[in-house]
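# My questions concern the predicted model and sequence given below.
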Amino acid sequence: MSVHESFLLTVSPERFFIEPLDAPDRQFMMIDTLTQEISLETDHTLISKNGQCKTICGIFGIIRLLAGPYLIVITRRSKVCEIEGKGSRISAILFHII
């Protein structure tokens, strides 16, 4: 399983597409807003060309409201510390609801 630094979020009326920016030719996550099905895909022709795009740092979760599901994404982060050279600990500092 890979850990990615940042992602490109594409929002269309029917789906959310989350693809890693450091490996754009690999798998991406697709979330169907109607069925709330989450899947990993490799066919990049599925990604909407007319959707709104935004660079994000990660996904915090999905909340379901009366109007439908909303995606909570992390748009800013900061390094908090590094523990014995085993990697950075990151703190999410800004969230957006999409």
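Yep, that arrived.
# Can you show me the strands along this protein?
Along the chain, counting by DSSP state E, strands occupy 7-11, 15-20, 28-32, 38-41, 52-56, 58-65, 68-82, 88-97.
# Export these as TSV, with columns for mean pLDDT.
Below are the strands of the chain laid out as TSV (pLDDT from 0 to 100):
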stretch	mean pLDDT
strand 7-11	92
strand 15-20	92
strand 28-32	91
strand 38-41	92
strand 52-56	91
strand 58-65	86
strand 68-82	80
strand 88-97	64
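# okay, these in TSV with mean neighbour count next?
(C-beta placed from N, C-alpha, C; glycine too.) As requested, the strands of the chain are arranged in TSV below (neighbours: other Cβ atoms under 10 Å):
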stretch	mean neighbour count
strand 7-11	19
strand 15-20	20
strand 28-32	18
strand 38-41	12
strand 52-56	13
strand 58-65	12
strand 68-82	14
strand 88-97	12
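# Tell me which residues touch G58, please.
The contact partners of G58, taken as Cβ atoms under 8 Å, 6 or more residues apart in numbering, are F7, V73, I74, R77, A92.
# How about I97?
I63, Y70, L71, I72.
# Which strand residues bridge the third one?
It refers to L71. When bridges are called by DSSP bridges, L71 pairs up with I62.
# gap between it and T45?
Counting by Cβ to Cβ, to the nearest Å, the gap from L71 to T45 is 22 Å.
# cool, the first one as well?
Counting by Cβ to Cβ, the gap between I63 and T45 amounts to 30 Å.
# ditto for the last one
Between I72 and T45 the computed distance is 28 Å (Cβ to Cβ).
# Over to the second one?
Y70 sits 26 Å away from T45, taking Cβ to Cβ as the criterion.
# Centroid-wise, who is the farthest residue in the chain?
Relative to the centre of the chain, the most outlying C-alpha is that of E84, 28.8 Å out, by Cα atoms, centre = their mean.
# Check what pLDDT it gets.
Looking at E84, its pLDDT is 70.
# what's near enough to touch Q27?
Contact partners of Q27, counting by Cβ under 8 Å, 6+ apart, are L40, E41, T42.
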